[in-house]
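Novice: Let me see the structure of the following:
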Amino acid sequence: MGTPSKHIIIVAGEASGDMRAAGLAIALKKLDPTLRLSGIGGSYMRAAGVECFTDITELAVIGITEVIKNLSRIKKVFDQTLKQIDETHPDCVILVDYPGFNLRLAKEIKKRGIKIIYYISPQVWAWREKRVLKIKKLVDRMIVLFPFEQNIYNKYGMKVDYVGHPLVDEIIVDKKQTEILKSLGLSASRTTIGLMPGSRVKEIERHLPCMLEAAQILYKNNKDRQFILLKASSIPLKLIEDLMSFPRTRESILKNFPIKIYDGSTYDGINAMDTAMVASGTATLETALLKKPMVVIYKTSWLTYAIAKAVIKIPCIGLVNIVAGKKIVEELIQNDANAIKIANAIETALHNQQIINELAAVKTSLAASGASVRAAQVVLSVMANP
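Specialist: Got it, this is the predicted structure:
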């Protein structure tokens, strides 16, 4: 009889984690085709060959109030995941970002004596750095995407590997800007402004109305502009259409307003824009790597905002600014994320060569290609050691 194949469970809780986990899964399979991969994921992980026993939509909630409202659903997924671990006895569990869920899960997995690898660090650099001490007790190896994260874990004596960011490899543009615009019935000669409201339902509900209002102001200022609304694969089209029919915006949106919904390749969509309004998150780094000037916005519940404001110790929240080590694009948070301020910030960002140069420097600062392969090699080396 041959040696039984190794089994890895991968747990991702949101769209960006699904993408990163998929890249890791593909790299793992290339290095060891016999591996069995299962876990919590979405369309990207399933396409990468991961047997998903739960979909990430079950966990796609943000903020304190949303988590409280969905506690029973989250607990059901938590218990189901532990049941899968108990039934399949995996050789390793890889936890991808999503710390509120995954660190609690790590505590239970640790009791079972199973190796735990954490891929994509909780934001210890933003608040409660000393959480590293707790993470160190629960996690066998941390794999990070940014060099400044490695320095923090090293400081506390935790085993950590810096592999670079997978986006360097993942961002591939298949179609030219003119091709995408033509497919949407938009003009290649007009200035194209993007709306990127997020990948979660609550983000769309909070961000899209003010983005649409800002777009109307920008169009009123200059009729030689058009707009692309980038729809995440995790968002139902009906939600977007319903919000675009909101009474305050119905007249402008549905009558002679040049805006199109794009639900194709994310990177082709971003590349078709000249500038964009972007919800804070991984999307800001994706937009930066395509060297598109942007304005970062974010709205959340007031309770979540109050708590975050009290504990977060860094001056910027946009990932693009954090990686740059300074504010290179405007950030508009909570009350500041209103239509007038967004429109004004977009006017400043449009065709701004200084911002474009700063974004190019961000891309240069990230590690070379091959991050997912390097991460997979770390995983296999951890599994190989007693």
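Novice: hang on, residue 178 is in a helix, isn't it?
Specialist: Yes. When DSSP: H, G, I helix; E, B strand; the rest coil is applied, residue 178 is found to be in a helix.
Novice: Next one, pLDDT for it please.
Specialist: Looking at residue 178, its pLDDT stands at 95.
Novice: what's it in contact with, if anything?
Specialist: Going by C-beta atoms under 8 Å, 6 or more residues apart in numbering, residue 178 touches residue 188. All C-beta atoms are positioned from the backbone trio N, CA, C, and that covers glycine.
Novice: let's see it at 10 Å
Specialist: 186-189, 272 (C-beta atoms under 10 Å, 6 or more residues apart in numbering).
Novice: Quick check: the farthest pair among the residues you listed?
Specialist: 189 and 272 (13.4 Å; C-beta to C-beta).
Novice: shared neighbours, those two?
Specialist: Shared contacts of residue 189 and residue 272, defined by C-beta under 10 Å, 6+ apart, are found at 178, 181.
Novice: The two - which one has more neighbours?
Specialist: Using other C-beta atoms under 10 Å as the criterion, residue 189 and residue 272 rank with residue 272 on top: 29 against 9.
Novice: Settle this for me: the more buried one is touching residue 196, isn't it.
Specialist: No. The pair residue 272 / residue 196 is not scored as a contact, 12.0 Å apart, by C-beta atoms under 10 Å.
Novice: Quickly list what's touching both of these two.
Specialist: 228, 230.
Novice: Now do residue 369, the pLDDT please.
Specialist: 87.
Novice: And for residue 58?
Specialist: Residue 58 is assigned 58 on the pLDDT scale.
Novice: Name the nearest residue to residue 332, sequence neighbours excluded.
Specialist: In space, residue 332 comes closest to residue 297 once its chain neighbours are excluded; the distance is 4.8 Å by C-beta to C-beta, 6 or more residues apart in numbering.
Novice: list the helices and strands the helix or strand hosting residue 363 packs on?
Specialist: Assessed by DSSP states H and E, residue 363 sits inside helix 353-365. With contacts taken as 3 or more C-beta pairs under 10 Å, 6 or more residues apart in numbering; DSSP states H and E, helix 353-365 sits against helix 282-289, helix 319-324, helix 339-349.
Novice: Bridged to residue 54, which residues?
Specialist: Taking DSSP bridges as the rule, residue 54 bridges to residue 40.
Novice: isn't residue 39 right up against residue 11?
Specialist: Yes. Between residue 39 and residue 11 there is a contact under C-beta under 10 Å: 5.4 Å.
Novice: Could you check which of these two is surrounded by more residues?
Specialist: Comparing residue 39 with residue 11 by other C-beta under 10 Å, the one with more neighbours is residue 11, at 29 against 24.
Novice: How about the more buried one: which residues does it bridge to?
Specialist: residue 40, residue 95.
Novice: tell me the contacts of it?
Specialist: Applying C-beta under 10 Å, 6+ apart to residue 11 gives the contacts 17, 21, 38-41, 54, 56, 59, 77, 81, 84-85, 93-98, 101-102, 105-106, 109, 119.
Novice: picking up where we left off before, so for residue 39 and residue 11, which residues contact both of them?
Specialist: Common neighbours of residue 39 and residue 11 (C-beta under 10 Å, 6+ apart) are 21, 54, 81, 84, 93-96.
Novice: contact partners of stretch 29-38?
Specialist: 2-11, 21, 24-26, 28, 45, 48-53, 84, 88, 90-92, 94, 372-373, 376-377, 379-380, 383.
Novice: Tell me where this protein has strands.
Specialist: Using DSSP state E, the strands of the chain run over 7-12, 36-41, 51-55, 92-96, 115-119, 141-144, 160-162, 191-196, 225-230, 259-262, 275-279, 294-298, 330-333.
Novice: Lowest average pLDDT across those strands?
Specialist: strand 51-55 (a mean of 89).
Novice: how far out from the middle of the chain is that one?
Specialist: Centroid separation between strand 51-55 and its chain, computed with C-alpha atoms, centre = their mean, to the nearest Å, is 19 Å.
Novice: Stretch 147-156 too?
Specialist: With C-alpha atoms, centre = their mean as the basis, stretch 147-156 stands 22 Å off its chain's centre.
Novice: C-alpha coordinates for it, CSV please?
Specialist: Extracted in CSV, the C-alpha atoms of stretch 147-156 (Å, rounded to 0.1, in the frame of the first residue of the first chain):
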residue,chain,number,x,y,z
PRO,A,147,8.3,43.1,5.3
PHE,A,148,7.2,45.4,8.2
GLU,A,149,5.0,42.5,9.5
GLN,A,150,8.0,40.2,9.7
ASN,A,151,9.8,42.7,11.9
ILE,A,152,7.0,42.8,14.4
TYR,A,153,6.8,39.0,14.7
ASN,A,154,10.6,38.7,15.0
LYS,A,155,10.5,41.2,17.9
TYR,A,156,8.4,38.7,19.9
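Novice: My read is that residue 137 contacts residue 157, right?
Specialist: No. Under the criterion of C-beta under 10 Å, residue 137 makes no contact with residue 157, lying 11.7 Å away.
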